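K.L.:
this one's sequence-less:
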């Protein structure tokens, strides 16, 4: 994406790291944005690139999703003059959505966990001396059977 810097805030220290606010216009859609620039790990490259930027300067920013699923500014290049916008690579959405089988399995586990959580206080209240793991699992199994009845 190509951006035009509108304002670079003062660098301040926040705990153990430095930060500043970058205001810019995304030229692909002409929208204003504000981004907190932090001088740590993945953000260090873009932090350094914009720290001394002046209002009106243009930059090409390559935005990618990192391994944790967050959008990061992977590379930044300052543009001199009105260079044409580089063609962007075609984007393909690769979803990490659950399959129907995964969703069904997850629902089963949620029901089991809930039944187990409700079985513990019942077994404790009704039979404090005979509290065993098997007693709790038996009650939880009865609850699960009841929830999944048809």
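P.N.:
Looks like it came in fine. Note that the coordinates shown come from a computational prediction; the quantities given were computed from them, not determined experimentally. Residues are numbered from 1 along each chain as shown.
K.L.:
So which residues make contact with the least confident helix or strand in the chain by mean pLDDT?
P.N.:
The weakest-scoring helix or strand in the chain, judged by mean pLDDT, DSSP states H and E, is helix 44-50 (a mean of 77). Residues outside helix 44-50 that contact it (CB atoms under 8 Å, 6 or more residues apart in numbering) are 5, 8, 18-19, 22, 37-40, 59, 61, 73-76, 78. All C-beta atoms are positioned from the backbone trio N, CA, C, and that covers glycine.
K.L.:
which of the residues in it are buried?
P.N.:
Judged by neighbour count using 16 or more other CB atoms under 10 Å, the buried positions of helix 44-50 are 46, 47, 49, 50.
K.L.:
helices or strands next to the helix ranked longest in the chain in the packing?
P.N.:
As assigned by DSSP state H, the longest helix anywhere in the chain is helix 100-126. Judged by 3 or more CB pairs under 8 Å, 6 or more residues apart in numbering; DSSP states H and E, helix 100-126 is in contact with helix 133-147.
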